[in-house]
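*Asks:* My questions concern the predicted model and sequence given below.
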Amino acid sequence: MKKVIVAIIVVVVCSMSFTFEGGGKIPIVTIKNLDGSKVSTSTFTNNGKPIIISFWATWCKPCKKELDNILDDYADWQKETGVKIIAVSIDDARTMPKVVTDVKSKGWPYEVYIDDNQDFKRAMNVNVVPHVFIVDGNGEIVWTHNSYAEGDEIKLYENIKRLIKGEKLEH
Amino acid sequence: MFSQLKDIVESIHGNFQVDAQYYNKDTSIGAPIVPQKVLSNGFGNINYIRGNFSAGIRYESYNPVMQGFDPRYQGSGIPYRYARYKIRNLDITAGNFYEQFGSGLILRVYEERGLLYDNTIDGFRAIYSPYKGITIKGLIGHQRTFFTTSPGVVRAGDIDININELFDSALVNKKTKVTIGGSFVSKYQANQSPTLNQPENVGCGGGRLNINRGGFNMYGEYAYKINDPSYINKYSFKNGQGAYVSTSYAASGFSIMLAGKYVDNMSYRSDRDQTLNAAMINYMPALTKYHTYLMAAYYPYATQPNGEMAAQGELQYKFKKGSPIGGKYGMEIALNGSMAYGIDSSNIAPKNDTRQYHYVVKSFSPGQKYFHDFNIEINKKFTKKLKGTFLYSNQFYNKSIVQFNTPVQEYPNIKTNIFVLDVTYKYKPTSSIRFEGQTMQTMQDKGSWVVGMVEWTPSSNFFAAILDQYNYGNADPGKRYHYYLATVGFIRDAMRITLSYGKQRAGIFCVGGVCRTIPASDGLAMTISTSF
């Protein structure tokens, strides 16, 4: 048991010292929009302004908390930085009809897509939701974060502001 | 020439996860003894992308596989590797791929790593768009079963037509959007039975329709399968059919959703003798609320592929900010209900024949009751710092059918009342404490439970939680156990490390439409996951 604990500590310390170095361009995958039409991720654009891609699901409580909390400030974020949120649901046939009802009844103004066989999730190497990415004006993935804790949206937005000013992003 | 080369985007990325558990000996809670003491599951994906070309592999390793997963996962290997190329409107894959036609009623090839579910096809796939709005898919190959492939070969084709895009000069700006589709799947497996004249080629075909107008959406799909005797349907030669319909209407702050499903003999696998979750070609998820609170998810329902009628309805309403009920921050309420029954069928006596039917469907009406749940969920923000969720759920669970697939009532039906209170207090803008209190009241099975949890999240990089599940209502006073579990987690970028120590009760864990049963355990568990 002692050996196991020591091994774990070593692994934890080593792995926490790695930092995300940027993830290249958004992979091109076909997903669906809310009216059932196919859309290619190559059409994701925000006229040179940053994009936040948030992977979520109707059954994922922290995912919905994050998107709800962002909603409170989203109008300000857009006014100040022009950032756009793309919320990608990974709901499959079981819960897919709930995507549109959740989005509308919550009044989310985000661009929402459905990745029902998780092709985009796989291409973006997402293990579990919630998972957010920041994509810069050139379409490069520059920041990523897995899971959601209350207040994470503050850090997310600070990084968007840093990105616009050309400063280094915080992890 | 050079500028063209410069435009080619090249990248290598992937992800990685390892789960390991050290098992203490704890026979009191019924934890099986693990002679190796440490068990682990792990995988790593590496993908290479260069312009329109991509290729990748996934390495998996089970040393040996952890408790609660299919023990046929044994050893290490590369069960997933592919090369894919897109040239104009043609997209081809050689090797492994995932695919879904419509909702998956006929074919869904996917993975759910949390359950170690992976039915990827190893073969060829082509996706072709001959004209705007039209997508044609064709595929052939063998499905993965653990570190080998299933004996049956799967051949399939699908066409998807977006009517608005196809006739864009006349329809593209119309408010009504229509998509139609059709698929055909066939599997071949040699007849090995000395007594039955088993069909070697089994075809399944179907069609689907999606209509969207403003906040209204309707989706319908139907599938028909020819005779397909298998272990799951007790080698019945009866044809199968399945239908699924869902409609929804959503406006700002309000939504309603209704869905229905009919399934008769629709288990469809590329190996007729397979069991559990292996070699499944199609996907038929349960039409019930996807519960995530421990007690509400204690008795999860799974679609009965041999015969089921099910329906679900949901109503959501958001009381606006500033309204008398909504208060300063608004309030959300969701009412949800679902039920599932068997189909109205009767057994027929076996004849001296190599093609046995076993049963006939008498009428299009519900048979034996399998499951129901009725749920009320309220989400409310009280102040800037305090918010909470309340859930009430009433459930009915036919244990004999859902867990043991026997229509004879060997176990009493389980009736439960579940209450959950989940409160988050934000003591600093980026720090919070969350409390969860849950109880499940029942007279059947292991009796009533009470659950308490405290989760502390001082920053986005760290959390710690303590959970206790107490089976206080067990009819046997000697089995009224506490299941304590402490968890800590570290998160940085895409990296996530969690450690937990304590006892975990036996249970059924489901993601999507697939479930696995987990035995009780006691010990130290670790998960490391990251992506790059």
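*Replies:* Okay, I see it. Residues are numbered from 1 along each chain as shown, chains lettered A, B, ... in the order given.

*Asks:* Mind listing residues that contact stretch B:199-209?
*Replies:* The contact list for stretch B:199-209, computed with Cβ atoms under 8 Å, 6 or more residues apart in numbering or on different chains, reads B:102-103, B:105-106, B:178-191, B:218-229, B:240, B:242, B:268, B:281-282. All C-beta spots, glycine's among them, are computed from the backbone N, C-alpha and C.

*Asks:* how about 6 Å then?
*Replies:* Residues outside stretch B:199-209 that contact it (Cβ atoms under 6 Å, 6 or more residues apart in numbering or on different chains): B:102, B:106, B:180-188, B:190-191, B:220-223, B:225-228, B:268.

*Asks:* in the helix ranked longest in chain A, what counts as buried?
*Replies:* Taking DSSP state H as the criterion, chain A has its longest helix at helix A:61-81. By neighbour count on 16 or more other Cβ atoms under 10 Å in any protein chain shown, the buried set for helix A:61-81 is A:62-71, A:74, A:77, A:81.

*Asks:* What ranges in chain B fall below the confidence cut-off?
*Replies:* By pLDDT under 70, the low-scoring segments of chain B are B:1-8, B:352, B:510-515.

*Asks:* what helix or strand does residue B:164 sit in?
*Replies:* Element membership for residue B:164 (DSSP states H and E) is helix B:163-166.

*Asks:* That should have said residue B:245, apologies.
*Replies:* Using DSSP H and E, residue B:245 falls in strand B:240-251.

*Asks:* The next helix or strand after that strand packs against which elements?
*Replies:* Scanning forward in sequence from strand B:240-251 by DSSP H and E, the next helix or strand is strand B:254-264. Applying 3 or more Cβ pairs under 6 Å, 6 or more residues apart in numbering or on different chains; DSSP states H and E, one finds that strand B:254-264 contacts helix A:97-106, strand B:240-251, strand B:307-319.

*Asks:* Quick one, which of those gets closest to residue B:165.
*Replies:* helix A:97-106 (19.8 Å; Cβ to Cβ).

*Asks:* returning to what we had before: return the most buried member of the helices and strands packed on strand B:254-264.
*Replies:* Most buried of these by mean neighbour count (mean count of other Cβ atoms under 10 Å in any protein chain shown) is helix A:97-106; its value is a mean of 24.

*Asks:* Can you give the contact residues for the helix or strand just after that one?
*Replies:* Downstream of helix A:97-106, the first helix or strand assigned by DSSP H and E is strand A:111-114. Applying Cβ under 6 Å, 6+ apart, the set of residues contacting strand A:111-114 from outside is A:31, A:32, A:33, A:34, A:86, A:87, A:88, A:89, A:99, A:103.

*Asks:* Neighbour-wise, which one of those leads?
*Replies:* Counting neighbours by other Cβ atoms under 10 Å in any protein chain shown, residue A:89 leads those with 29 neighbours.

*Asks:* so what strands line up beside the strand holding residue B:245?
*Replies:* The strands beside strand B:240-251 in its sheet (DSSP bridges) come out as strand B:216-225 (antiparallel), strand B:254-264 (antiparallel).

*Asks:* which residues are contacting it?
*Replies:* Counting by Cβ under 6 Å, 6+ apart, A:97, A:100-101, A:104, B:105, B:215-225, B:256-266 sit against strand B:240-251.

*Asks:* now that strand: how far from the chain's centre is it?
*Replies:* Centroid separation for strand B:240-251 versus its chain: 18 Å, with Cα atoms, centre = their mean, to the nearest Å.

*Asks:* could the strands paired with strand B:240-251 go into JSON lines alongside mean neighbour count?
*Replies:* What follows is the strands paired with strand B:240-251, written out as JSON lines (neighbours: other Cβ atoms under 10 Å in any protein chain shown):
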{"stretch": "strand B:216-225", "mean neighbour count": "20"}
{"stretch": "strand B:254-264", "mean neighbour count": "20"}
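
*Asks:* How about the helix or strand containing residue A:87 and chain B, touching?
*Replies:* Following DSSP H and E, one finds residue A:87 within strand A:84-89. No - using Cβ under 6 Å from any Cβ of the partner chain, strand A:84-89 never reaches chain B; the gap is at least 12.6 Å.

*Asks:* now the angle from that strand to helix A:61-81?
*Replies:* 160 degrees (axes from the mean of the first three to the mean of the last three Cα atoms, to 10 degrees).

*Asks:* same for strand A:84-89, what does it pack against?
*Replies:* Secondary elements touching strand A:84-89 (3+ Cβ pairs under 6 Å, 6+ apart): strand A:51-56, strand A:111-114.

*Asks:* Grab the nearest non-local neighbour of residue 99.
*Replies:* This is for chain A. residue A:89 (4.7 Å; Cβ to Cβ, 6 or more residues apart in numbering or on different chains).

*Asks:* Hmm, no, I was thinking of chain B.
*Replies:* residue B:109 (4.7 Å).

*Asks:* Which residues are in contact with residue B:157?
*Replies:* If you count contacts by Cβ under 6 Å, 6+ apart, residue B:157 has them with B:138, B:184.

*Asks:* Wait, a strand at it?
*Replies:* Yes - assessed by DSSP: H, G, I helix; E, B strand; the rest coil, residue B:157 belongs to a strand.

*Asks:* Quick check: it vs residue B:187, distance?
*Replies:* 13 Å (Cβ to Cβ, to the nearest Å).

*Asks:* One more: residue B:36?
*Replies:* For residue B:36, the distance to residue B:187 - Cβ to Cβ - is 37 Å.

*Asks:* which one of the two has more residues nearby?
*Replies:* residue B:187 (27 against 9).

*Asks:* which bits of chain A sit near chain B?
*Replies:* Close to chain B, as judged by Cβ under 6 Å from any Cβ, chain A has residues A:4, A:8, A:12, A:16, A:20, A:23-25, A:35-37, A:59, A:92-95, A:97, A:100-101, A:104-105, A:107, A:117, A:125, A:127, A:144, A:146-147, A:149-152, A:154-155, A:171.
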